[in-house]
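Student: sequence and predicted structure are below.
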Amino acid sequence: MTTPRLAIGLDIGGTKIAGAVVDERGTVVAELVEPTPEESDAESVTEVLLSLIERFRAAHDVAAIGVGAAGIVEWPAGRMLWAPNNSYRDWPVREQLEKVTELPVIVDNDANVAALAEARLGEPYPNMVLVTVGTGIGGGLVMDGSIYRGPTGLGAELGHIILNPDGPRCGCGNHGCFEAFASGTALTRMAREAAEDHPDGLIARIGAEEGEVTGHTVLEAVQQGDEVAKALFARLGRWLGVGIASLANIFEVDAVVVGGGLVETGELLLGPARTTAREYAYAPAARGVPPVVAATFGGDAGKIGAALLALDHA
């Protein structure tokens, strides 16, 4: 019996860097996670990546390394050009990691690799939009079973469609992006506003105990039955649904799959998103409304997809 080939998959997000050793079937053999360094520049992030790689290679024989990174990745060169929520700029990730590790390295946008994992190993949707809801909003497009990146990897920036030009400022510098309304960062902003408006409320009290108000504060408040916190999730979910409806109107897809860390809140987020996506669907009687479903791999899709992509190209 042949031993399945293994690859390391690394997923660089705004708050954490997740890594795994994965086989060709998408099975996670080992995993590690580290916080994204506060300065989040190329040098500090490279240090974390190399440390994770070294720890994985000490115990596993791997054939390749795949990296999914938040931001704009030049494809197939594997150069990280820019990111809205991290500080790295014009960073030759592939070249640097190949030089140090002497292994083949492939680098792509984090939502693209997550979409690859979902399309290949989740429900078989040959045409789908993946929306990842984490620190920001990532988008992955799968058309006829293949990732759509555009000629050089600059396509499908779905988190930066404009939902309202008079809306809040986004990490990318624009106003009113999908990401500014429906991401973890948006939830944190709304939670801080709620804490100011209701200084005696549960969100403000939990925030005071923990030292700051974040999206996580809202989740804790929801679990304690807080109505204000529930209303924030309903608002976040509604904006998520508006963005999803816009994307579903542009493309003809079998499903819209929602992944990223926040999807782990389940129906709290997806319930209002589904309702709103139906409400704003174009010509539903003629076109139908694609289902809005939770990602099979949740927040793990990025590292699994990065490893699968590495094995494809190794």
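Tutor: Nice, I can see it.
Student: and Ile12, how far is that from Leu158?
Tutor: Noted for Ile12: a distance of 18 Å to Leu158, by C-beta to C-beta, to the nearest Å. Using the backbone N, CA and C atoms, a C-beta is placed for each residue, glycine as well.
Student: between these two, which has more neighbouring residues?
Tutor: Each of Ile12 and Leu158 has its neighbours counted (other C-beta atoms under 10 Å); Ile12 has more, 28 against 24.
Student: state the helix or strand in which the spatially closest residue to Gly14 that is not a sequence neighbour lies.
Tutor: Spatial nearest neighbour of Gly14, chain neighbours left out: Thr135 (2.9 Å); criterion: C-beta to C-beta, 6 or more residues apart in numbering. Under DSSP states H and E, no helix or strand contains Thr135.
Student: now the one 3 residues further on
Tutor: Gly138 belongs to strand 137-143 when assigned by DSSP H and E.
Student: so what secondary structure elements neighbour the helix or strand hosting Leu232?
Tutor: Assigned by DSSP H and E, Leu232 belongs to helix 227-250. Here helix 227-250 is seen to pack against strand 128-133, helix 178-182, helix 184-197, helix 202-210, helix 215-223, strand 255-259, helix 267-279 when contacts are counted using 3 or more C-beta pairs under 8 Å, 6 or more residues apart in numbering; DSSP states H and E.
Student: who does the longest one touch, helix- and strand-wise?
Tutor: Yep, that's helix 184-197 we're talking about. In terms of contacts (3+ C-beta pairs under 8 Å, 6+ apart), helix 184-197 is packed against helix 178-182, helix 202-210, helix 215-223, helix 227-250.
Student: buried residues of the longest one, list them for me.
Tutor: By neighbour count on 16 or more other C-beta atoms under 10 Å, the buried set for helix 227-250 is 228-229, 232-248.
Student: circling back to that earlier point, let's have the helices and strands packed on helix 227-250 in JSON lines, adding distance to Val93 and mean neighbour count.
Tutor: Shown next, in JSON lines, are the helices and strands packed on helix 227-250 (distance: least, C-beta to C-beta, whole Å; neighbours: other C-beta atoms under 10 Å):
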{"stretch": "strand 128-133", "distance to Val93": "19", "mean neighbour count": "29"}
{"stretch": "helix 178-182", "distance to Val93": "22", "mean neighbour count": "28"}
{"stretch": "helix 184-197", "distance to Val93": "23", "mean neighbour count": "20"}
{"stretch": "helix 202-210", "distance to Val93": "34", "mean neighbour count": "18"}
{"stretch": "helix 215-223", "distance to Val93": "28", "mean neighbour count": "21"}
{"stretch": "strand 255-259", "distance to Val93": "22", "mean neighbour count": "26"}
{"stretch": "helix 267-279", "distance to Val93": "31", "mean neighbour count": "19"}
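Student: which one of these lies closest to Pro151?
Tutor: strand 128-133 (19.8 Å; C-beta to C-beta).
Student: CA atoms of that closest one as CSV?
Tutor: Only the C-alpha atoms of strand 128-133 are listed here, as CSV (Å, rounded to 0.1, in the frame of the first residue of the first chain):
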residue,chain,number,x,y,z
MET,A,128,-20.2,28.2,-6.5
VAL,A,129,-19.3,31.3,-4.7
LEU,A,130,-17.5,31.0,-1.4
VAL,A,131,-17.7,33.9,1.0
THR,A,132,-15.3,33.7,3.9
VAL,A,133,-16.3,35.8,6.9
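Student: pull the distance from that strand to the chain's centre.
Tutor: 8 Å (C-alpha atoms, centre = their mean, to the nearest Å).
Student: what about it, average pLDDT?
Tutor: The average pLDDT for strand 128-133 rounds to 95.
Student: quick one: contacts of it?
Tutor: Strand 128-133 is contacted by residues 110-111, 114-115, 118-119, 137-142, 158-159, 182-184, 240, 243-244, 247-248, 251, 253-263, 269, 295, 301-302 when judged by C-beta atoms under 8 Å, 6 or more residues apart in numbering.
Student: before we move on, the earlier item: what's the average pLDDT for the strand holding Gly138?
Tutor: Mean predicted confidence for strand 137-143 is 94.
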